[in-house]
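In: the sequence and its predicted three-dimensional model are supplied below.
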Amino acid sequence: MFSTTNLLRTDRGNDSINRAAEQGRGGAILTKADGFRKALVRRETTQTRVDAELTLEGMGKYMLETPIGFLTHMLEAFVQHGRFNLNLCAEGDLDVDQHHTVEEVGTALGEAFDQALGNRLGINRAGFFVFPMDDAVAFVAVDLSRRVYLHYDVAFQTGTLGALETNQLQEFFHAFTRALHCTIHIKVPYGHNDHHRAESLFKALGKALRMACSLDSREVQDVPSTKGVF
């Protein structure tokens, strides 16, 4: 059964996640009491439930629990290389298939970043990274522009990685992009090991998003756009 015991370390955290749940599906709470950009999100549907606690100014610490081991592994790589802190716990109707669970994890994670970024004043806005992993390399570019677009150019040679169906990864990124209201371009041009292809992709995303989310002290009250608005 799903439990937040391993997700949130304190009773105060549990109270916060429950207040988020009271807001209904997709409910979220943003907290900045300690000066860090944070979010608590609960997404609950008839098919899935995902709780997430995110801190942008983190140290790459995580407590992750999903019913798909390879997805959990990819999220670990993402968090570690993005230097975020993320607690996330998910359950879903795997007796149907993986789609709902993978998509909702992407949505909840995107909502958490969107909430933590707040009004997005002073952020670098754009970030990119090229991450090699042995035989594979991934190119990821992110623009936190509030314009939603995903370019996904990744081909896997196998249908599964561990228990994860590789065709669900594109659905994860579609959901993440929509929820974060951003543009992401992803390309993995080669690599004979599909594990390396996928892992280089998540590591590159973490690095690129870290750059895009970072604050620029010279523009702390500015919208990074010639339009003056996102």
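Out: Here it is on my side, so go on.

In: my read is that Ser145 contacts Leu180, right?
Out: No - counting by C-beta atoms under 8 Å, Ser145 stays clear of Leu180, with 10.4 Å between them. Where you see a C-beta, it was placed from the backbone N, CA and C, and this is true even at glycine.

In: so which of these two has more stuff around it?
Out: Legend: neighbour count by other C-beta atoms under 10 Å for Ser145 and Leu180, higher for Leu180 (24 against 17).

In: can you tell me how far the more buried one is from Pro132?
Out: 25 Å (C-beta to C-beta, to the nearest Å).

In: ok, Leu169 next?
Out: 19 Å.

In: of the two, who's got more company?
Out: Per other C-beta under 10 Å, whichever of Leu169 and Pro132 has more neighbours is Leu169, with 24 against 13.

In: tell me the confidence at the more buried one?
Out: Leu169 is assigned 98 on the pLDDT scale.

In: Arg210 looks like it's in a helix, true?
Out: Yes - counting by DSSP: H, G, I helix; E, B strand; the rest coil, Arg210 is found in a helix.

In: what is the neighbour count of it?
Out: Applying other C-beta under 10 Å, we find 20 residues neighbouring Arg210.

In: in contact with the most centrally placed residue in the chain, which residues?
Out: Compute the mean C-alpha point of the chain, and by C-alpha atoms, centre = their mean the closest residue is Leu109, 4.0 Å away. Applying C-beta atoms under 8 Å, 6 or more residues apart in numbering, we find Leu109 in contact with Ala52, Leu54, Leu75, Leu86, Leu88, Phe176, Ala179.

In: does Asn87 touch Thr55 like I think?
Out: No - Asn87 is beyond contact range of Thr55, at 9.3 Å (criterion: C-beta under 8 Å).

In: so which of the two has more stuff around it?
Out: Asn87 (23 against 19).
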